[in-house]
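> what's the 3D shape of this:
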Amino acid sequence: MTSRIGLLGGTFDPIHLGHISILKTALQQLKLDKMFLIPAGDPWQKQPITSPQHRLAMTKLATESISNVEVLDLEINRSSPTYTYETLEELHKKYENTEFMLILGSDAVAGIETWQQPNKVKTLARIFVVQRAGDFTQDWRFDRIQMDPIQISSTQIREKVKNKESISDLVPASVEAYILANDLYKN
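Okay, here's the model as predicted:
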């Protein structure tokens, strides 16, 4: 029997309630057996970012009480830039008889042609798009996850921390505590 696994990757710098909403909605709408969250190790299109260890720890804290969700460190453990097609190839080798659903924000899918091996990505996973607030791109080449646009961004959270503003309505309490305990995003 074929298993259905959702893949939600990102820098998760930090993971926020928008990400949590996406993964819960995808689990239900796509009838997934499991959801893998994959923090990027060295994302070649985003710099600078917080250390992989902090981002991995926050992602694990944010999802520890959600069933059928697993945080994978396979991109964090790579010593070179991380490419989605390589991650998908690795997952196909490890999880035979699995259909992968790659979940992307509308901002990410708009730039998919700039990725390394974008056509390979499209053959290795079925792509589902989540609308980001303010992004009205109507790209119907991919399936959509039906939910309200995500109004939260990690950039917004980092700015609020830097300005000593509350983020309690944007991130899980465990992530907020981790950010404060580790003095993240102060500069």
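
> quick one: the strands in the chain?
Ranges of strands within the chain are 3-10, 34-39, 69-71, 98-105, 126-130, 143-144, based on DSSP state E.

> packing partners of the fourth one?
By that I understand strand 98-105. Under the contact criterion of 3 or more C-beta pairs under 8 Å, 6 or more residues apart in numbering; DSSP states H and E, strand 98-105 touches strand 3-10, helix 17-29, helix 84-94, strand 126-130. All C-beta spots, glycine's among them, are computed from the backbone N, C-alpha and C.

> how about a cut-off of 7 Å?
When contacts are defined as 3 or more C-beta pairs under 7 Å, 6 or more residues apart in numbering; DSSP states H and E, strand 98-105 packs onto strand 3-10, strand 126-130.

> do the last one as well
With contacts defined as 3+ C-beta pairs under 7 Å, 6+ apart, the secondary structure elements packing on strand 143-144 are strand 126-130.

> so for the strand it packs on, mean pLDDT?
On average, the pLDDT along strand 126-130 is 93.

> which residues sit against it?
By C-beta atoms under 7 Å, 6 or more residues apart in numbering, the surrounding residues in contact with strand 126-130 are 22, 26, 30, 99, 101-106, 109, 139, 142-145, 147, 150.

> angle of that strand against strand 3-10?
Here the directions of strand 126-130 and strand 3-10 differ by 50 degrees (axes from the mean of the first three to the mean of the last three C-alpha atoms, to 10 degrees).

> and strand 126-130, which strands flank it?
As defined by DSSP bridges, the strand partners of strand 126-130 come to strand 98-105 (parallel), strand 143-144 (parallel).

> relative orientation of the first one and helix 17-29 in degrees?
What it means is strand 98-105. Angle of strand 98-105 versus helix 17-29, following the same axes, to 10 degrees, is 140 degrees.

> can you show me the CA trace of strand 98-105 as PDB?
Output in PDB follows, covering the C-alpha atoms of strand 98-105 (Å, rounded to 0.1, in the frame of the first residue of the first chain):
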ATOM      1  CA  THR A  98       5.400   6.600  -0.900                       C
ATOM      2  CA  GLU A  99       3.700   9.500  -2.600                       C
ATOM      3  CA  PHE A 100       5.300  12.800  -1.500                       C
ATOM      4  CA  MET A 101       3.300  16.000  -1.400                       C
ATOM      5  CA  LEU A 102       5.600  19.100  -1.400                       C
ATOM      6  CA  ILE A 103       3.900  22.000   0.300                       C
ATOM      7  CA  LEU A 104       5.100  25.500  -0.800                       C
ATOM      8  CA  GLY A 105       4.100  29.000  -0.100                       C
END
